[in-house]
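In: sequence first, then the predicted structure, then my questions.
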Amino acid sequence: MSKPVLPPASAYFITPEHETPVARTLAVLCDNEPGVLARVIGMFSGRGYNIESLTVSETEHEKHLSRITIVTRGAPHVIEQLMSQLDRIVPVHSVVDLTATAGATGEARPIERELAIVKVAGTGEKRVEALRLADVFRAKVVDSSIEHFVFEITGRSSKLDKFVGLMAPLGLVEVCRTGVAALARGKEGM
Amino acid sequence: MDMNTPTENREMTGAQMVVQALIDNGVADIFGYPGGAVLPIYDEIFQQTAVRHILVRHEQGAGHAAEGYARSTGKTGVMLVTSGPGATNAVTALQDALMDSIPLVCISGQVPTTLIGSDAFQECDTVGITRPCTKHNWLVKDVADLPRILHEAFLVARTGRPGPVVVDIPKDVQFATGTYSPPPPTRTHESYRPRLSPERERIAAAVAMLAGAKRPVIYSGGGVINSGPEATRLLREIVEMTGFPITSTLMGLGAYPASGKSWMGMLGMHGTYEANLAMHGCDVMLCIGARFDDRITGRLDAFSPGSKKIHIDIDPSSINKNVRVDLPIIGDVGHALKDLIDEWKAAQPEPDREALAAWWHEINVWRARNCLAYKPNDDVIMPQYAVQRLYEATKGQETYVSTEVGQHQMWAAQFYGFEAPNRWLTSGGLGTMGYGLPASIGAAIAHPDAISLCIAGDASVLMNMQEMSTAVQHNANVKIFILNNQYMGMVRQWQQLLHGNRLSHSYTEALPDFVKLAEAYGAVGIRCEKPRDLDDAIEEMLAVDSPVLFDCRVANLANCFPMIPSGKAHNEILLPEEATDEAVARAIDEKDRVLV
C-alpha cells in the first residue's frame, strides 16, 4: 500500500461567511444603450452575486434612461460591495437600495409590485373554484373559454406565489411573471 | 490630408477619424497587428507620420507593450488589432490592465455591421468577450457616433481608476464618411464622474487618527503611481512630515524611494519581515491607493488585528471589499494627500514622539533579522545575487525594469531598489507570464535613451518570445535578463510546500539555447554561469547597442523567502534560515491544507 497522500492545499485564503444574508431591492438608473443589461447581469454572475428578480424597461424616453429593479440576497457587506460595483459600471447613473431607504423611514419595505399572467384549464367544480379564488385575490380574467381561464394578477410577490400555489391543483397550465417593480414611498425620487 | 492642422468639424472617413482622434488625444505611438477588418485604419496610418505604429508579433504582445508604455510614461497605451483572433488574443492584456489599473485603449476591427451575427470570417463577439475584462467597451455601429466614442474611450481609460477600454469598429463604419469633431475642451460624462476631492471632515478625522497613533504604518500602492508625479512627491512629504514607517505593495514600488530612511521594503506574501510584522502590530494603518489584495493580507481574520484603518482610494468599490476599514476616504490620491498635508499643517498636532521612537526601535529589531539574507555561493550564481549585481550596474541611470511572473519577479521586487515611480513594470494582479518582454519593449519605445531591463524567468520569457522580432525591428534595445533555473520556480516552490514535493510538470525540459535563439532573431545572446563572470557579462549586456537575451544560469533549487504560507497571518512569516526542508513541510498544517 502506498503512503497516504496529503490533501492538497491552496494559495488562496478562504474564510467562511458568518453574516446572515438579507434580501434587498435595488433600483438602478442607467443609459438605455446596447449591452447595458448584459453589463449588469454579467457583473452579478461574474462576482458570484444572486439575482432573485430582475425587471428592466426604459422609463425616460427622451433621455434614453432605463430603470432596472433587482431583488438580491446577500450578507450586508456583500450588498454594499455589490452596489459599489453597480455604480462603477460606466452607463449607470445611480444606484439606490430601496429596502434601506424604506428602513430609514420606519417602513419594512418599499412599494413592490409584480404582475403575473396565469393560465388555468379545467371544467366543473375546479373551474368554478379557480374563478372564486381569482375573485378573492382580485385577479382579472383576460381570456377564457369553456375549458380555461387566463388571469392577470398584481401585488406583492408573496401574494402571487400564494395565488399560483392555489391554482396548482385546479388545473394550472403555465405562469408568466414580470419580476418586481419597486419605488420608495414618500415624495422624494431617487 | 494633413493630420496635424487644428481640426474643425469636418468630413472624413471612420478610419481617418480613428487616426485623427489618436492625434487629438495626444497619442504618439501605438502597438498593433493588421488584419482584414482593420485594413482601412492601417491604410490611413500608412499615409501619415504623426502616429508611429509599432508592429508586434502577437496581439497579446501589443497589449503588454502598450501597458509597459503606459506605466513607464503615465500616458494612455494604445493597441490596434483586427477582428476575431486579433481581439481574442488581446484579452489577456486587457484583463491584466484591468487588474493593475493601467490606462489602455484597444481599437479593434470588426466584420461589417451587415455581417455581425452571421458567423462571418474572423468574427467574434468582441464587446461580449471583453465586457468583463474592460472598464467599458463600445461597438460603434454608426460613423456619426465614432468621434464621440473615441474621445470618451480616452476619458474613461485615463481618468478615475484607470483601466482598459475597447472600441470595436466594423469595417463598413471605417469606410463610411461622417463629420469629425475634436475632443470637447471640458470633458465631462453624464454618468461617469469619478470623485477627485475627498470629503473635508474625513481628512480632519484622518489627521486626528494619525496624530494619535503610537504604532503607525503607511501602506501605499499602485494608486499613488497612477495619480501622477505630484502624488509621489506628496507621499514622500507626508512620510517626511510624520516620520511614520512606510511599506508598499508590489505595484507601488518606487513611489517612496528604496533608499529612503522610513522604507521597510515590500509587504505581503514575499514581503519583508519588518514590513509584515509592522502591518500586523500597528495601531493605525494608512492605506494609500492600494486594495488589500489577498497576496497582501494573508489570512484575513488575522490581518492587522489591532489597528484602525484609513483607506484612500478613488474607486468606492475598493472600500471594504476584502478588509473592513474604519475611515474610508474616496478621492484621488494626489488630492487626498494634499488635503491631508494641509490639514496636518493647519492642525499642528503633536504626535507621541516617545511612542514613535519605541515603535521604530521595534521595527529596527525586526529589520536586524535581515530577512532577505541568502547563502552566497562562489560556484553557482544565486538568483538574488544576480539581481543585486544587476541593480549595482544600473543604479543611478534611467532604468525601466519589467518582469515576468514567478520567483524572479519576487527577487526583483526584493533586491532591485526603486528610487522613482513609473520605473517598475510588473504584472501584479493577473500574474501574467509573458508580460515582461513586451512590456519592456513598450518602455524602450517610450524611452529610447534609457535602459530597458526585463528580469525574466526561463519559463515565462518563452510565452511571448516572438516579440524579440518586434524589439529587433524597432531598435527597442531591451535587455532580457533571464534567471534560468530550468524550473517554473514558483510552481515548484508551491509543489514543495503544498504538494509533498511532487514536482508535476514544473521542470522545463528541452529549453532552447537562449544565446542561439537571440542570434536567430538578429539580437545578441550572452550566457553566464559563474558568479565571478557575472559583472563583466552584465557590463557587456549594457554596452551592446541591440536587444540582448542574457541567459543567467542560476542555482536551480533556490526558493523565494520570506514567505507567508497559505492560511497564515503576517506574524507567521517564514524566514529563509527557518525554511529547512522540515519547516517547509510543516509550514502548513493539516487543517489549512484542506482550505481547497
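Out: Nice, I can see it.

In: name the helix or strand for the residue in chain A that chain B sits nearest to, please.
Out: Across chain A, the shortest distance to chain B (CB to the nearest CB) belongs to A:Ser84, at 3.6 Å. C-betas here are computed from N, CA, C, even on glycine. Per DSSP states H and E, A:Ser84 falls inside helix A:76-88.

In: so what strands line up beside whatever helix or strand comes next after that helix?
Out: Using DSSP H and E, the next helix or strand after helix A:76-88 towards the C-terminus is strand A:92-97. Here strand A:92-97 has these sheet partners by DSSP bridges: strand A:22-31 (antiparallel).

In: who touches the strand it pairs with?
Out: For strand A:22-31, contacts defined as CB atoms under 8 Å, 6 or more residues apart in numbering or on different chains pick out A:36, A:40, A:52, A:64-76, A:79, A:83, A:86, A:89, A:91-100, A:109-110, A:112, A:180, A:182-184, A:190, B:190-191.

In: next: stretch B:365-383.
Out: With CB under 8 Å, 6+ apart, stretch B:365-383 has contacts from B:264-265, B:272-274, B:277-278, B:384-385, B:407-408, B:411, B:414-415, B:483, B:485, B:528-532, B:534, B:552-555, B:558, B:561-562, B:573, B:575-577.

In: please pick the buried ones from those.
Out: Taking 16 or more other CB atoms under 10 Å in any protein chain shown as the criterion, what is buried in those is B:264-265, B:272-274, B:277-278, B:384-385, B:407-408, B:411, B:414-415, B:483, B:485, B:528, B:531, B:534, B:552-555, B:558, B:561-562, B:573, B:575-576.

In: among those residues, which ones are in strands?
Out: B:Met264, B:Gly265, B:Leu483, B:Cys528, B:Cys552, B:Arg553 (DSSP state E).

In: ok, the residue of chain A closest to chain B - how many residues close by?
Out: Using other CB atoms under 10 Å in any protein chain shown, A:Ser84 has 18 other residues around it.

In: hmm, B:Pro328 and it touching each other?
Out: No: counting by CB atoms under 8 Å, A:Ser84 does not reach B:Pro328; the two are 10.6 Å apart.

In: joint contacts of these two?
Out: Common neighbours of A:Ser84 and B:Pro328, using CB under 8 Å, 6+ apart, are B:Pro316, B:Ile319.

In: residue contacts, the residue of the stretch 251-400 of chain B found nearest chain A?
Out: The nearest approach of the stretch 251-400 of chain B to chain A comes at B:Ser317, 3.6 Å away (CB to the nearest CB). Contacts for B:Ser317 (CB under 8 Å, 6+ apart) come out as A:Gln81, A:Ser84, A:Gln85, A:Asp87, A:Arg88.

In: repeat that for B:Arg10.
Out: B:Thr179, B:Tyr180 are the contacts of B:Arg10 under CB under 8 Å, 6+ apart.

In: still on that earlier bit, the residue nearest to the residue of chain A closest to chain B when sequence neighbours are not counted and B:Pro328, how far apart?
Out: Counting by CB to CB, 6 or more residues apart in numbering or on different chains, A:Ser84 lies nearest to B:Ser317, which is 3.6 Å off, once chain neighbours are set aside. Distance, B:Ser317 to B:Pro328, using CB to CB, to the nearest Å: 11 Å.

In: repeat for A:Leu160
Out: A:Leu160 is 40 Å from B:Pro328, by CB to CB.

In: comparing the two, which residue is more hemmed in?
Out: Of the pair A:Leu160 and B:Pro328, A:Leu160 is the one with more neighbours under other CB under 10 Å, namely 23 against 19.

In: just checking, that one touches A:Ile117?
Out: No: using CB under 8 Å, A:Leu160 is not in contact with A:Ile117, being 10.5 Å away.

In: care to break chain A down by domain?
Out: Using automatic domain parsing, the domain parsing of chain A gives A:22-104, A:111-183.

In: tell me how far the residue nearest the centre of chain B lies from chain A.
Out: Centroid-nearest residue in chain B: B:Thr426, 4.1 Å away (criterion: CA atoms, centre = their mean). Using CB to the nearest CB, to the nearest Å, we find B:Thr426 at a distance of 18 Å from chain A.

In: double-check that residue against B:Gln409; I have them as touching.
Out: Yes: applying CB under 8 Å as the test, B:Thr426 and B:Gln409 come out as touching, 6.0 Å apart.

In: any residues in contact with both of these two?
Out: By CB under 8 Å, 6+ apart, the residues touching both B:Thr426 and B:Gln409 are B:Thr403.

In: state the distance from B:Asp332 to B:Gln414.
Out: 30 Å.

In: again with B:Met251
Out: 15 Å.

In: interface residues of chain B facing chain A?
Out: Within chain B, the positions adjacent to chain A are B:127-128, B:131-132, B:135-136, B:139, B:156, B:189-192, B:294, B:297-301, B:315-317, B:319-321, B:324, B:494, B:498-500, B:566-567, B:588, B:590, B:592-596 by CB under 8 Å from any CB of the partner chain.

In: appreciated, that's everything.
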